[in-house]
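In: Would you be able to build a 3D model of this:
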Amino acid sequence: MIYFPYVSKRDSIPGERKVTYMLEKLFKLKQNNTSVKTEITAGITTFMTMAYILAVNPSILGDAGMDQTAVLLATCIASFIGTAMMALMANLPFALSAGMGLNAYLAYTVCGILGYSWQVALLAVFIEGIIFIILSLTNVREAIFNAIPLQLKGAVSVGIGLFIAFIGLQNAGLSVGDGSTLVTIVSFKESFNTSGISALLAIIGTLLTAVLYIKRIKGSILFGILSTWVLGMLCQLVGLYVPDAAAGFYSLYPTFAFTDFSKLGETFGQCFNVDFDGVGIFNFIVVIFSFLFVDLFDTLGTLIGVSTKADMLDKDGRLPAIRPALLADAVATTAGAVLGTSTTTTFVESSAGVAEGGKTGLTSMTTAVLFLLSMFFAPVFTAIPSFATAPALIIVGFLMFSNITSLKIDSENYTTAIPAYLCIIAMPMFYSIAEGISIGIISYVVINLICKKWRDISPVMYVLAVLFILKYIFL
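Out: Predicted coordinates:
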């Protein structure tokens, strides 16, 4: 007979203290006025709001001819690498994954309209990542971040709030396309058992999440996601929600199947297996710089917006850990291209974890580990419906939008306030963080020049404005 030694609760405390001490030393939890529980909850919340990328990215890049399972694995691994580096190098609660918009650009513009192979497109992403690593090791990206005026940085946060709220409304199925007004509210009567009930559940989830947040319930955003998902499964059980795969409405119940890991070989290293026949060098350079511009300012915009909301900027509007954060982003892009996915970038959904109290790299490390684990249980995570994560984006959008009070608009600073306003409205209207920053910077430089306030303009801002104008002309 084998006897197992009895271990009392008291005997287990030293081990627990060692883990807590290690986490404290690594992530400086007390210094940032946070706890292990808060950080892990925030990391789970961030992952839950980002989990949709595990379903969306393989679908989009699959249209470019890539194997969807391979893209899923590449996305998980690249997300883990980038987010873990963000945690360990920068100690910031930001998560990374394949950027929305950039994946669509690769699939539908580079591979679709231009007709390049996906291998050529991944090579462009790889070269872009190498350029970013070089820029991150120098002061270039850091200088750009620091050159943007403080009020314009506040506007970026507000604009991102509107942008992700708009994404949330779309994911909920509440905001739909319309021929005459471009967007309108969904018709609840038509297709009630699919789009109608999904939109209604998103509304219920938003209200529930709002009440939980107002009541200061820890993990309110995470509970909102899970509660909305459970309500959806109950609706499917009683027949109110009817799956229709052809229309994009799938079963809400997770399937417990494993992933075929051998598929990764179909994309791994394929960015170096390129046939340049029919690929013009000028057009290839244009593609590289298109990825470069969008990734650079999407990343900077996200770092500015989320850092502002988390009160991480110093009195001069600078992010102390900006260089390692940018380096983590650059390395993740390069690794992602080798693995077989589009540009890996810092996700604006990181603001969901920040809203839950995440302040350190323990938040992002939690998200990174979940991305790694999701390779084994991908069907479970990809079963989270978009209408369940939509309430989180809508509520976080409000929290970021609340920074508008910090802009302090008056007649003395219209030369900054108006560009800030243009930056804010451009993000949701043009569906791009990068375009919002572009419009904000160009208008800031032009307005201040005309108003004879050229001394207030940083030399870097002049350079950025010219580059953005050239981008619109040539790209």
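
In: how long is stretch 368-384 end to end?
Out: The straight-line separation of the ends of stretch 368-384 (Cα to Cα, to the nearest Å) is 18 Å.

In: Please disregard the earlier target; I meant stretch 142-155.
Out: Termini of stretch 142-155 sit 19 Å apart (Cα to Cα).

In: can you list contacts of that stretch?
Out: Under the contact criterion Cβ atoms under 8 Å, 6 or more residues apart in numbering, stretch 142-155 has outside partners 156, 296, 300, 303-304, 308, 313, 316-319, 322-323, 326, 403-404, 406-408, 413, 416-417, 419-421, 423-424, 437, 440-441, 444, 458, 460-461, 464. Just so you know, the C-beta spots here come from the backbone N, C-alpha and C atoms, and that holds for glycine as well.

In: Looking at those residues, which are in helices?
Out: Those of those mapping onto helices are 156, 296, 300, 303-304, 308, 322-323, 326, 416-417, 419-421, 423-424, 437, 440-441, 444, 460-461, 464, per DSSP state H.

In: The nearest residue to Leu372 once chain neighbours are set aside is in what secondary structure piece?
Out: Closest residue to Leu372 apart from its sequence neighbours, by Cβ to Cβ, 6 or more residues apart in numbering: Phe80 at 4.4 Å. Using DSSP states H and E, Phe80 sits in helix 68-85.

In: helices and strands around that helix, which ones?
Out: Applying 3 or more Cβ pairs under 8 Å, 6 or more residues apart in numbering; DSSP states H and E, one finds that helix 68-85 makes contact with helix 53-62, strand 96-98, helix 322-339, strand 344-346, helix 361-373.

In: for the fourth one, what is the average pLDDT?
Out: The one in question is strand 344-346. Strand 344-346 shows a mean pLDDT of 90.

In: Mind listing the strands that strand pairs with, and their directions?
Out: strand 96-98 (antiparallel) (DSSP bridges).

In: Check whether Ile439 really touches Tyr421, as I assumed.
Out: No: if you go by Cβ atoms under 8 Å, Ile439 and Tyr421 don't touch, sitting 10.1 Å apart.

In: So for this protein, the centremost residue is which one?
Out: Centroid-nearest residue in the chain: Phe347, 1.8 Å away (criterion: Cα atoms, centre = their mean).

In: That one reaches Leu96, doesn't it?
Out: Yes: here Phe347 lies in contact with Leu96, judged by Cβ under 8 Å, at a distance of 6.3 Å.

In: thinking again about what came up before, what are the buried residues along the helix holding Phe80?
Out: 68-85 (16 or more other Cβ atoms under 10 Å).

In: now swap in stretch 459-475 and tell me
Out: With the criterion 16+ other Cβ under 10 Å, stretch 459-475 contains buried residues 460-461, 464-465, 468, 471.

In: Repeat that for stretch 217-229.
Out: For stretch 217-229, by 16+ other Cβ under 10 Å, it's 219-229.

In: Could you give the separation of it from the chain centroid?
Out: 19 Å (Cα atoms, centre = their mean, to the nearest Å).

In: got the contact list for that stretch?
Out: 37-38, 41, 44-45, 48-49, 201-202, 204-206, 208-209, 212-213, 252, 352, 355-357, 384-385, 387-389, 391-392, 395-396.

In: List the residues that contact Thr181.
Out: With Cβ under 8 Å, 6+ apart as the criterion, no residue contacts Thr181.

In: Quick check: it vs Ser187, distance?
Out: From Thr181 over to Ser187 the distance is 14 Å, taken as Cβ to Cβ, to the nearest Å.

In: again, but for Glu356
Out: 34 Å.

In: Comparing these two, which residue is more hemmed in?
Out: Glu356 (25 against 12; other Cβ atoms under 10 Å).

In: The closest residue to that one other than its chain neighbours: what secondary structure?
Out: Spatial nearest neighbour of Glu356, excluding adjacent residues (Cβ to Cβ, 6+ apart): Ala42 at 4.1 Å. Secondary structure for Ala42, judged by DSSP: H, G, I helix; E, B strand; the rest coil, is helix.

In: and Ala42, what is it in contact with?
Out: Applying Cβ under 8 Å, 6+ apart to Ala42 gives the contacts 93, 353-354, 356-358, 363, 366.

In: Of those, just the buried ones, PyMOL syntax please.
Out: Those of the contacts of Ala42 that count as buried under 16+ other Cβ under 10 Å are selected in PyMOL with:
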select buried, resi 93+353+354+356+357+358+363+366
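
In: any idea which of the contacts of Ala42 is the one closest to Val140?
Out: Nearest to Val140, judged by Cβ to Cβ, of those is Pro93 at 24.9 Å.

In: Please look at that closest one and Val354 and confirm they touch.
Out: Yes: here Pro93 reaches Val354: they are 5.8 Å apart, a contact under Cβ under 8 Å.

In: and the contacts of stretch 217-229, which of them are in helices?
Out: Going by DSSP H, the helices hold 37-38, 41, 44-45, 48-49, 201-202, 204-206, 208-209, 212-213, 352, 355, 387-389, 391-392, 395-396 from the contacts of stretch 217-229.

In: Can I have the buried ones of the residues you listed as a PyMOL selection?
Out: Here is the PyMOL selection string for the buried members of those, based on 16+ other Cβ under 10 Å:
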select buried, resi 38+41+44+45+48+49+201+202+204+205+206+208+209+212+213+352+355+387+388+389+391+392+395+396
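
In: in what helix or strand does Val286 lie?
Out: Element membership for Val286 (DSSP H and E) is helix 281-309.

In: orientation of that helix relative to helix 322-339 in degrees?
Out: Inter-element angle recorded for helix 281-309 and helix 322-339: 130 degrees (by axes from the mean of the first three to the mean of the last three Cα atoms, to 10 degrees).

In: now helix 281-309: how far from the chain's centre is it?
Out: 13 Å.

In: Report the rounded mean pLDDT for it.
Out: Taken as a whole, helix 281-309 carries a mean pLDDT of 78.

In: What of stretch 426-446?
Out: The model assigns stretch 426-446 a mean pLDDT of 90.

In: Just the CA trace of it, in PDB.
Out: What follows is stretch 426-446, C-alpha atoms only, in PDB (Å, rounded to 0.1, in the frame of the first residue of the first chain):
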ATOM      1  CA  ALA A 426     -11.500  60.100 -38.900                       C
ATOM      2  CA  MET A 427     -10.900  56.900 -37.100                       C
ATOM      3  CA  PRO A 428     -14.400  55.400 -37.100                       C
ATOM      4  CA  MET A 429     -15.400  57.100 -40.400                       C
ATOM      5  CA  PHE A 430     -12.300  55.800 -42.300                       C
ATOM      6  CA  TYR A 431     -12.200  52.600 -40.200                       C
ATOM      7  CA  SER A 432      -8.500  53.100 -39.400                       C
ATOM      8  CA  ILE A 433      -6.500  54.300 -36.500                       C
ATOM      9  CA  ALA A 434      -3.600  55.100 -38.800                       C
ATOM     10  CA  GLU A 435      -5.800  57.300 -41.000                       C
ATOM     11  CA  GLY A 436      -7.000  59.200 -37.900                       C
ATOM     12  CA  ILE A 437      -3.500  59.900 -36.900                       C
ATOM     13  CA  SER A 438      -2.600  60.900 -40.400                       C
ATOM     14  CA  ILE A 439      -5.500  63.400 -40.700                       C
ATOM     15  CA  GLY A 440      -4.700  64.800 -37.200                       C
ATOM     16  CA  ILE A 441      -1.000  65.400 -38.000                       C
ATOM     17  CA  ILE A 442      -1.500  66.900 -41.400                       C
ATOM     18  CA  SER A 443      -4.200  69.300 -40.200                       C
ATOM     19  CA  TYR A 444      -2.200  70.200 -37.100                       C
ATOM     20  CA  VAL A 445       0.800  71.200 -39.100                       C
ATOM     21  CA  VAL A 446      -1.200  73.100 -41.800                       C
END
